[in-house]
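Chemist: Just need the structure, nothing else, for what follows:
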Amino acid sequence: MFQFNYKLKVSERVKAKCNRHPRYNPERDGRGGIKGGCSTCFSLFDLHQARLSLDAAHREFLRRASPWTRVPRPRTKLQSVKQNGPQMQGTSL
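Modeler: Model prediction:
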């Protein structure tokens, strides 16, 4: 049996802009909005693309893994009595 546990938490915030092109927005302008082959704007675009691909990979993993996942449920009192067996009352030595 193959068992795979994962926990993914991405909590990075990036606030960055190009000094030469402060109005460049990689989400809106895309690769075509980069002027003069600016390396900072290319880095911003690559960072945006990496975030999009990470989100897509996470969604795809959840979609494919969901049929085999099992959500842990809290144990009820009835289940714990069945597993331990009934307690004997009135036993004295």
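
Chemist: distance of residue 4 from residue 77?
Modeler: Using C-beta to C-beta, to the nearest Å, residue 4 is found at 32 Å from residue 77. Where C-beta positions appear, they are placed from N, C-alpha and C, glycine not excepted.

Chemist: Ignore what I typed, I meant residue 18.
Modeler: For residue 18, the distance to residue 77 equals 62 Å [C-beta to C-beta].

Chemist: of these two, who's got more company?
Modeler: Neighbour totals were compared for residue 18 and residue 77, and residue 18 leads with 17 against 7 (other C-beta atoms under 10 Å).

Chemist: Residue 34 versus that one, what's the distance?
Modeler: Separation of residue 18 from residue 34 (C-beta to C-beta) stands at 9 Å.

Chemist: Now list whatever residues contact both of these two.
Modeler: Contact criterion C-beta atoms under 8 Å, 6 or more residues apart in numbering; residues shared by residue 18 and residue 34: 24, 41.

Chemist: excluding its backbone neighbours, what's nearest residue 48?
Modeler: Nearest residue to residue 48, sequence neighbours excluded (C-beta to C-beta, 6 or more residues apart in numbering): residue 26, at 4.0 Å.

Chemist: Please enumerate the helices of this protein.
Modeler: Along the chain, the segments classed as helices by DSSP state H run 26-29, 39-65, 77-84.

Chemist: so which of the ones you listed comes closest to residue 9?
Modeler: Among the helices of the chain, helix 39-65 comes nearest to residue 9, with 11.0 Å by C-beta to C-beta.

Chemist: burial measure for the spatially closest residue to residue 27 that is not a sequence neighbour, as a count.
Modeler: Among residues not flanking residue 27 along the chain, residue 48 sits closest, at 6.1 Å (C-beta to C-beta, 6+ apart). Number of residues near residue 48 (other C-beta under 10 Å) recorded here: 16.

Chemist: Give me the distance between residue 48 and residue 73.
Modeler: Applying C-beta to C-beta, the value for residue 48 to residue 73 is 40 Å.

Chemist: ends of stretch 64-73, how far apart?
Modeler: With C-alpha to C-alpha, to the nearest Å as the measure, stretch 64-73 spans 22 Å from end to end.
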